[in-house]
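1. Quick check, what structure comes out for this input:
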Amino acid sequence: MNRTGLYIALSLSLGVGLAFGLFPDLDLRISAHFFDAATKHFPMTDVKWAAVARRGAMVVAWLFAVPSMIAVVWKLFRPVDPLKVSGRKTVFLISTILLCAVILPNATFKTYWGRPRPANVVEFNGKDRFVPWWDWRGTCPRHCSFFSGEGGTAFWTYAPAALAPPQWRPLAYLGATAFGIATGGLRIMFGGHFFTDVIASGLVSFFVIWLAFALIYRWPSTRFSDEDVDAWLTRLAWPGYRWRQRLWGRDVGPTPRVRRPERRK
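-> Sure, this is the predicted structure:
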């Protein structure tokens, strides 16, 4: 998550955005390779292993965040216990996967960006008019094409890759890129998304993760410690914990005072 990666992502955004903005038919041409004009559907949708791979990819991605989620749930239930996973890692993984896999694609873009999916456009035996990636005025009413939520989830694996040991980090980034391309490629072959939907999902995920990593780990004015996260969760969970203990005749007292460690420089 360095500046070189950011410059590459910005350049890719500019290049792909301009190319497919000026020549939007490129999206149709790519999707046409996976459409069978004789049967008038995308044959890959009938391939069982591809459907299994699609679901499996989502499970694999979310598994990277599950330990942090379990640690937070346990901490909220038992605030007297220390957080079982690094505090910053917990915030980084949970916040980014929610943004990349849920909030940005599904609660934001897919709701208001009316781009029809390939399988729904006239060129592929659908009823809707094709629109380029930049045009939000399509006829899709909900759960639309731009941008790919599953692609965003798969490319989110850049986040755990960013936390890999330095000597393994380039290989981890390469694996996350391949994982995102493979998962997004399946969505294109299924007729579920255009090429630009998948590329946009990867770029959005990268930018979200780059910014979150900088805020949490790199920039001195915003970064915090693992102990800070543990203290925040303790304060949040303590009233409920104290109430539950009182039901059993025990009073654990007010929220304990946690000494803040010195800010790292």
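
2. So residue 239 versus residue 255, what's the distance?
-> Between residue 239 and residue 255 the computed distance is 8 Å (C-beta to C-beta, to the nearest Å). Using the backbone N, CA and C atoms, a C-beta is placed for each residue, glycine as well.

3. the more surrounded of the two?
-> Higher neighbour count among residue 239 and residue 255: residue 255, with 16 against 12, using other C-beta atoms under 10 Å.

4. Give me the phi and psi for residue 136.
-> Recorded main-chain torsions at residue 136 are phi -90, psi 0, according to degrees, to the nearest 10.

5. Also the one 10 residues further on?
-> Taking degrees, to the nearest 10, you get phi -100, psi 120 for the backbone angles of residue 146.

6. residues contacting it?
-> 109, 110, 113, 115, 133, 136, 194, 196, 197, 200 (C-beta atoms under 8 Å, 6 or more residues apart in numbering).

7. Tell me, how many residues neighbour the first one?
-> As a burial measure, residue 109 scores 23 neighbours (other C-beta under 10 Å).

8. can you pull the contacts of it?
-> By C-beta under 8 Å, 6+ apart, the neighbours of residue 109 are 144, 146, 147.

9. One more: residue 39?
-> Contacts of residue 39 (C-beta under 8 Å, 6+ apart): none.

10. separation between residue 106 and residue 98?
-> Going from residue 106 to residue 98 by C-beta to C-beta gives 11 Å.

11. pLDDT and distance to residue 160 for the contacts of residue 109 - can I get that in TSV?
-> Listed next are the contacts of residue 109 as TSV, based on pLDDT from 0 to 100; distance: C-beta to C-beta, whole Å:
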residue	pLDDT	distance to residue 160
144	92	29
146	92	26
147	90	21
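
12. Helix or strand for residue 205, just tell me which one.
-> Using DSSP states H and E, residue 205 falls within helix 195-213.

13. thinking in terms of the whole chain, how far from its middle is that helix?
-> The chain centre lies 8 Å from the centre of helix 195-213; the measure is C-alpha atoms, centre = their mean, to the nearest Å.

14. ok, and what's touching the helix or strand residue 88 falls within?
-> With elements taken from DSSP H and E, the one containing residue 88 is helix 87-98. With C-beta under 8 Å, 6+ apart as the test, helix 87-98 has contacts from 61-62, 64-65, 68-69, 71-72, 83, 153, 156, 159-160, 163, 205, 208-209, 212-213, 216-217, 223-230.

15. again, only using 7 Å
-> 64-65, 68-69, 71-72, 83, 156, 159-160, 163, 208-209, 212-213, 216-217, 224, 226-230 (C-beta atoms under 7 Å, 6 or more residues apart in numbering).

16. got it, and stretch 202-219?
-> Applying C-beta under 7 Å, 6+ apart, the set of residues contacting stretch 202-219 is 1, 5-6, 9, 12-13, 88, 91-92, 95-96, 99-100, 104, 147, 151-152, 155-156, 158-159, 162, 180, 184, 222-223.

17. After whatever helix or strand residue 62 lives in, which helix or strand is next? Please name it.
-> Following DSSP H and E, one finds residue 62 within helix 48-63. Once the chain leaves helix 48-63, the next helix or strand it forms, by DSSP H and E, is helix 66-77.

18. Specify the angle between that next one and helix 87-98 in degrees.
-> 110 degrees (axes from the mean of the first three to the mean of the last three C-alpha atoms, to 10 degrees).

19. Helix 66-77 packs against which elements?
-> Here helix 66-77 touches helix 87-98, helix 226-247, going by 3 or more C-beta pairs under 7 Å, 6 or more residues apart in numbering; DSSP states H and E.

20. buried sites along the shortest one?
-> Buried positions in helix 87-98, judged by neighbour count with 16 or more other C-beta atoms under 10 Å: 87, 88, 89, 90, 91, 92, 93, 94, 95, 96, 97.

21. Fine, thanks again, bye for now.
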